[in-house]
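1. I need the structure of the sequence given here:
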Amino acid sequence: MTGSFRMVSLCAVVLLAGCSRNELLSEVTGRVTLDGRPLTDAMIIFSPTGTGTTSYGRTDSDGRYRMLFRDNEYGAWLGENLVRISTFDLGSGDVAGKKELVPAVYNTRSTTKVTVASGANTHDFDLKSDAGKIIQGPKD
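-> A predicted model of the protein is given here:
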């Protein structure tokens, strides 16, 4: 009887864990590059354009990220999301933060939007360091 009780208890825990998944979120992964090279240690923010809550991710040494909704709950809100990407860091104490490498058109002035659909999503971002800059022609 003890073995049966353990099995029933285990099944109950598994079922409850499955029920706690937020149905308004879907997994989002991808890769961020800047001028064709992986963008390391960048913060990715997905902000729903309608109702919903912001998700975030951080790129690894290969520029790969996975969106996190909160604590250990991965994913991003379903629907259209405004995307911001930044490497800026304020730092702490006497240690200066990291300089912003990403042009403002991808962060503070971003208009980049993606749609998060039900199921697994992959969104890659190939950023250009000269984006948003006006290139002057030759002067006569």
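2. switch to C-alpha atoms for all contacts and neighbour counts from now on
-> Noted.
3. excluding its backbone neighbours, what's nearest Lys128?
-> Using Cα to Cα, 6 or more residues apart in numbering and skipping the chain neighbours, the partner closest in space to Lys128 is Asp35 (5.0 Å).
4. Can you report how many residues lie near the one you found?
-> Around Asp35 there are 12 other residues, counting by other Cα atoms under 10 Å.
5. again with Gly36
-> Gly36 has 10 neighbours, counted by other Cα under 10 Å.
6. show me the contacts for it.
-> Going by Cα atoms under 8 Å, 6 or more residues apart in numbering, Gly36 touches 126-127.
7. next one: phi and psi at the residue nearest to Lys128?
-> Main-chain torsions, Asp35, degrees, to the nearest 10: phi 60, psi 40.
8. who are the neighbours in contact with it?
-> Asp35 makes contacts with 126-129, as judged by Cα under 8 Å, 6+ apart.
9. can you do 7 Å?
-> 127-129 (Cα atoms under 7 Å, 6 or more residues apart in numbering).
10. Model confidence score at it, please.
-> pLDDT for Asp35: 97.
11. and if you look at the one 5 residues further on?
-> Among the per-residue scores, Thr40 holds a pLDDT of 95.
12. So it versus Ala120, what's the distance?
-> Counting by Cα to Cα, to the nearest Å, the separation of Thr40 from Ala120 is 23 Å.
13. who's more crowded, the two?
-> Neighbours per residue (other Cα under 10 Å) separate Thr40 from Ala120, with Thr40 holding more: 18 against 11.
14. ok now do the more buried one, which residues does it touch?
-> When contacts are counted by Cα under 7 Å, 6+ apart, Thr40 touches 59-63.
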